[in-house]
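>>> give the three-dimensional model of this entry:
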Amino acid sequence: MKKHNFYAGPSILSEYTIQNTADAILNFANTGLSILEVSHRGKEFQAVIDEATALVKEILNIPAGFEVLWLGGGASLQFCMIPYNLLAKKAAYIDTGTWASNAIKEARLFGEVEVLASSKDSNYTFIPKDYEVPADVDYFHYTSNNTIYGTEIRKDPKVPCRIVADMSSDIFSRPIDFSGYDAIYAGAQKNLAPAGVTLVIVREEALGRVDRAIPTMLDYRTHIKKGSMFNTPPVLPIFSALQTLRYYKQLGGIEELERRDLEKAALLYNAIDNSKMFKGTVTDPADRSIMNVCFVMKPEYAALESAFVEFCAARGIVGIKGHRSVGGFRASLYNALPLSSVQVLVEAMHDFETTH
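Coordinates of the predicted model:
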């Protein structure tokens, strides 16, 4: 039975990425060796990381002055590395979910952090909008997509200071205007590659402005100087990322990816909005994520939640159970998920509602 993979992360990868990665595990670049066992300093892997870096710059239209890094530690390490490298005196954050809250906690270890707004009291069901970003901060940090709660900021903020963004779960889903940013980071396991590598895009001139000593491994300049090769990089996820980037380019680039993502999200949200059994959890439709669609049973049908998960599983639909802190359902519509899988889910919702 075909599986329709709606897991939030690690998540679905394209068949192109999976097949080419599997081939390289058996025989990488005709070396007769597996990608799992070759030297990361060999010319074959150097070609991989060079092409992957070039494709990130091309697909996202990154201007000169930015460096693309391939690091370990996930986005959670970036919660620390960002303030370590960029927070001299004060930074501004907005609290829109669990990962934003974790980033705030880490930043407070390095300087003053002003939390401009939070939707925590409403269980993060909306994106705060009634706040002003001060001009005297080192940077303004936001989490663009909140996987657990299904909210998303899809426009680059217009603020009087530099911007830093955690785009772990929606990078490569829309064009980005880099003119206001000092850094963007993204764990790969949503829209790029298997877990294990983190993509960091940092403006080089933003570095070297803090007085503190930075440990070698946590200094972005170390990794810029060494081309992400200061220590052994996560070779396999970077190779898989290259395959995904090639696939994205073949599809038509960022504009085509965004078009597809909007189409998938519109189909599912329309089904939810017109359902007598299901309802969305995000209070303002303008805040709805196109990557992670969160919804629940209406109160009178709440007892049927487990039955619906089992009903979906019987049709090959996996990964729709909501995060344990929220409950309900979550359908993650990452770039690799085909429209046909969303159509199968919508049909399952309709059939289950008709039956019950």
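>>> which parts of the stretch 201-350 of the chain are strands?
278-280, 292-297, 317-318, 329-332 (DSSP state E, counting those that start in this stretch).
>>> need these in TSV with distance to residue 166, can you?
Yep, even glycine has a C-beta here, placed from its N, CA and C like the rest. Shown next, in TSV, are those (distance: least, CB to CB, whole Å):
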stretch	distance to residue 166
strand 278-280	23
strand 292-297	14
strand 317-318	26
strand 329-332	17
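>>> TSV for those strands, including distance to residue 148 and mean pLDDT?
Supplementary listing: those in TSV, determined by distance: least, CB to CB, whole Å; pLDDT from 0 to 100:
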stretch	distance to residue 148	mean pLDDT
strand 278-280	15	97
strand 292-297	8	98
strand 317-318	18	98
strand 329-332	8	98
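>>> for the residue nearest in space to the middle of the chain, which residues are in contact?
Nearest residue to the geometric centre of the chain (CA atoms, centre = their mean): residue 169, 1.7 Å. Going by CB atoms under 8 Å, 6 or more residues apart in numbering, residue 169 touches 8, 9, 144, 145, 147, 186, 190, 191, 291, 292, 334.
>>> what of residue 264?
290, 333, 337, 339, 342.
>>> helices of the chain, start to end?
15-26, 43-60, 74-86, 98-107, 220-225, 235-251, 254-273, 305-313, 339-355 (DSSP state H).
>>> using JSON lines, please lay out these together with mean pLDDT.
Output for these, formatted as JSON lines (pLDDT from 0 to 100):
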{"stretch": "helix 15-26", "mean pLDDT": "98"}
{"stretch": "helix 43-60", "mean pLDDT": "98"}
{"stretch": "helix 74-86", "mean pLDDT": "98"}
{"stretch": "helix 98-107", "mean pLDDT": "98"}
{"stretch": "helix 220-225", "mean pLDDT": "98"}
{"stretch": "helix 235-251", "mean pLDDT": "98"}
{"stretch": "helix 254-273", "mean pLDDT": "98"}
{"stretch": "helix 305-313", "mean pLDDT": "97"}
{"stretch": "helix 339-355", "mean pLDDT": "98"}
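>>> which among those is found nearest to residue 4?
helix 339-355 (3.9 Å; CB to CB).
>>> by how many degrees do the closest one and helix 305-313 diverge?
130 degrees (axes from the mean of the first three to the mean of the last three CA atoms, to 10 degrees).
>>> who does helix 339-355 touch, helix- and strand-wise?
strand 4-5, helix 254-273, helix 305-313, strand 317-318 (3 or more CB pairs under 8 Å, 6 or more residues apart in numbering; DSSP states H and E).
>>> kindly export the longest one (C-alpha atoms) in CSV.
Coordinates of the C-alpha atoms in helix 254-273 are reproduced here as CSV (Å, rounded to 0.1, in the frame of the first residue of the first chain):
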residue,chain,number,x,y,z
ILE,A,254,11.2,28.7,-5.5
GLU,A,255,8.2,30.3,-7.3
GLU,A,256,6.9,26.9,-8.4
LEU,A,257,7.5,25.4,-5.0
GLU,A,258,5.4,28.2,-3.4
ARG,A,259,2.7,27.7,-5.9
ARG,A,260,2.4,24.0,-5.2
ASP,A,261,2.5,24.6,-1.4
LEU,A,262,-0.3,27.2,-1.6
GLU,A,263,-2.4,24.8,-3.7
LYS,A,264,-2.0,21.9,-1.3
ALA,A,265,-2.8,24.1,1.8
ALA,A,266,-5.8,25.7,0.1
LEU,A,267,-7.3,22.3,-0.7
LEU,A,268,-7.0,21.0,2.9
TYR,A,269,-8.1,24.2,4.6
ASN,A,270,-11.1,24.4,2.3
ALA,A,271,-12.1,20.8,3.4
ILE,A,272,-11.7,21.8,7.1
ASP,A,273,-13.6,25.0,6.8
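>>> identify the residues contacting stretch 205-216?
65, 84-88, 110, 138, 162, 182-183, 220-222, 224, 230.
>>> buried ones in that stretch?
206, 207, 210, 214 (16 or more other CB atoms under 10 Å).
>>> hmm, back to that, show me which of the contacts of stretch 205-216 is closest to residue 306.
Nearest member of those to residue 306, counting by CB to CB, is residue 183, at 42.0 Å.
>>> residue 203 is in contact with that closest one, correct?
Yes. Taking CB atoms under 8 Å as the definition, residue 183 is a contact partner of residue 203 at 6.8 Å.
>>> neighbour-wise, which of those two wins?
Each of residue 183 and residue 203 has its neighbours counted (other CB atoms under 10 Å); residue 183 has more, 26 against 19.
>>> now do the contacts for that one.
Residue 183 touches 82, 86, 139, 164, 165, 200, 201, 202, 203, 206, counting by CB under 8 Å, 6+ apart.
>>> ok, of these, which one's closest to residue 303?
Distances from residue 303 to these, taken by CB to CB, are shortest for residue 165, at 40.0 Å.
>>> where does the closest one land on pLDDT?
Note for residue 165: predicted pLDDT of 98.
>>> try the one 3 residues further on
Looking at residue 168, its pLDDT stands at 98.
>>> shouldn't it be in contact with residue 185?
Yes. Counting by CB under 8 Å, residue 168 does reach residue 185; the two are 7.3 Å apart.
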